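Q: Provide a 3D model corresponding to the input given below.
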Amino acid sequence: MTAPRPRTRAPVRVLATVAVAAVVAGLAALLLLSGRSLPERTGPPVEQVAVERIVLAPGIIELTVRNTGPDPVQVAQIFVNDVYVSFTGATQPLGRLATDTVRINFPWQDGQPYRVSLLTSTGAVLEHEIPVAVTTPSTGPDLLALMALLGTYVGIIPVVLGMAFLPLLRRAGRAAVRVLLALTVGLLAFLAVDATLEGLELADESGGAFGGSLLVFLGAAFAFLALTAVDRFLHSRTSHRTDQEPDGNRLALMIAIGIGLHNLGEGLAIGSAYAIGELALGAALVVGFALHNTTEGLAVVAPLTHQRPGVIRLLGLGLLAGGPAIVGAMVGATVANAALSALLLGLGVGAIVQVVIQLAPGLRTQTGRILSPATIGGLSAGLAIMYLTGLFVAA
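A: Numbers count the residues shown, from 1 in each chain. Here you go, the predicted structure:
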């Protein structure tokens, strides 16, 4: 008797192609049939518009509007403080998620509040408040240079100053190092909570066009997973080393990345606030951010108490942690988008959470407890320091 011939299996590529083709055909059929079989909506149109950017020039108010609702929106008339005004732009109905720029001719006065009301073709009134009218700075090399200088003042310099405590930290004993790590966890936990609250507030201002508050959590999830992958990669490269070479350098790098992502969102908020006139540049602002962000440099060097990193490595960690503030300030001053700001703040939150998880094992005592009286004191001190120094930030 001859042995039965083995069954031939279709290649995976062929099966994947057939499955995708079947899904596409099913969706196309559903799209064609559902429009004919389902009744039309009987209620009034749902009109929602979010104002994403305001540019104020002498005698001109420019609004960048986005349709965040399901139905097209046609702007018919515009009122400023209940006064009818002429405008250009938005001549065609805005489709779902579409944007347009409305240019309003109005002799606004510096420092005064204004309420802009958009009257749609269906009679709906959509309002937006301008708390304080100030001239929007023009985008150009001068503005970018100013934002780079501001990002250096509030990002790089404070972090590097905080890293200067490393020689002092090296003299600490084992118990003191554990308390220092607990202090670092407290600092990072405060940053995560603060960034989450700020991100949720910005997400509400976005009008929910791209998910609203979900953007914060989505960014946090992406950053957490990405930083976990980076950590696994770095861990695989150092797994062959002996116990005499602890992973303090890897922890310091991960902390610098996490704080850098946080400072990216912080710089974005600074640039956006300056562009709309809500931020007054001056020595008080710089000193306030310096006091607040110096603690971030302390967090970066906390795992390096038993290491001997070179000056170049330390400067690299400082640039990695503080440098993104420059990029964020530049983007924030030129591209005012609440949804983007919420997403970037979420990235910082996810990165910080991942770093805190990595630092937690270092808090264990010889008996295996994490929350000992010493570590509880360190955690509380970290939270208190960030809160108190945050009071000096006039932004």
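
Q: Show me what the worst-scoring helix or strand of the chain on mean pLDDT is packed against.
A: Ranking every helix and strand in the chain by mean pLDDT, DSSP states H and E puts helix 283-301 at the bottom, with a mean of 76. Contacts of helix 283-301 with other secondary structure elements, assessed using 3 or more C-beta pairs under 8 Å, 6 or more residues apart in numbering; DSSP states H and E, are made with helix 157-163, helix 174-205, helix 248-275, helix 311-322, helix 373-390. For the C-beta atoms, the positions are set from N, CA and C on the backbone; glycine is no exception.

Q: and the shortest one, what does it pack onto?
A: Applying 3+ C-beta pairs under 8 Å, 6+ apart, one finds that helix 157-163 makes contact with helix 283-301, helix 311-322.

Q: ditto for the fourth one
A: Packing contacts for helix 311-322, counted by 3+ C-beta pairs under 8 Å, 6+ apart, involve helix 157-163, helix 248-275, helix 283-301.

Q: relative to helix 311-322, how tilted is the second one?
A: Translated: helix 248-275. Using axes from the mean of the first three to the mean of the last three C-alpha atoms, to 10 degrees, the inter-axis angle of helix 248-275 relative to helix 311-322 is 40 degrees.

Q: For helix 248-275, what is the distance to the chain centroid?
A: Mean-position distance between helix 248-275 and its chain equals 9 Å (C-alpha atoms, centre = their mean, to the nearest Å).

Q: what's the angle from that helix to helix 174-205?
A: Relative orientation of helix 248-275 with respect to helix 174-205: 30 degrees, computed using the same axes, to 10 degrees.

Q: just the last one next, same as before
A: Taking the same axes, to 10 degrees, one finds helix 283-301 and helix 174-205 inclined to each other by 130 degrees.

Q: Run through who's touching helix 283-301.
A: Defining contact as C-beta atoms under 8 Å, 6 or more residues apart in numbering, one finds that helix 283-301 is touched by 153-155, 157-166, 169, 183-184, 187-188, 191, 252, 255-256, 259, 263, 279, 314, 317-318, 321-322, 382, 385-386, 389-390, 392-395.

Q: Going through those, which ones are buried?
A: Members of these that pass the buried threshold by neighbour count (16 or more other C-beta atoms under 10 Å) are listed as 153-155, 157-163, 165-166, 169, 183-184, 187-188, 191, 252, 255-256, 259, 263, 279, 314, 317-318, 321-322, 382, 385-386, 389-390, 393, 395.

Q: wait, residue 222 sits on residue 351?
A: No. Between residue 222 and residue 351 there is no contact, the gap being 9.7 Å when judged by C-beta atoms under 8 Å.

Q: which of these two has more neighbours?
A: Taking neighbours as other C-beta atoms under 10 Å, residue 222 and residue 351 compare with residue 351 leading, 32 against 15.

Q: Next, that one: secondary structure please.
A: helix (DSSP: H, G, I helix; E, B strand; the rest coil).

Q: now do residue 308
A: At residue 308 the chain is in coil, as set by three-state DSSP.
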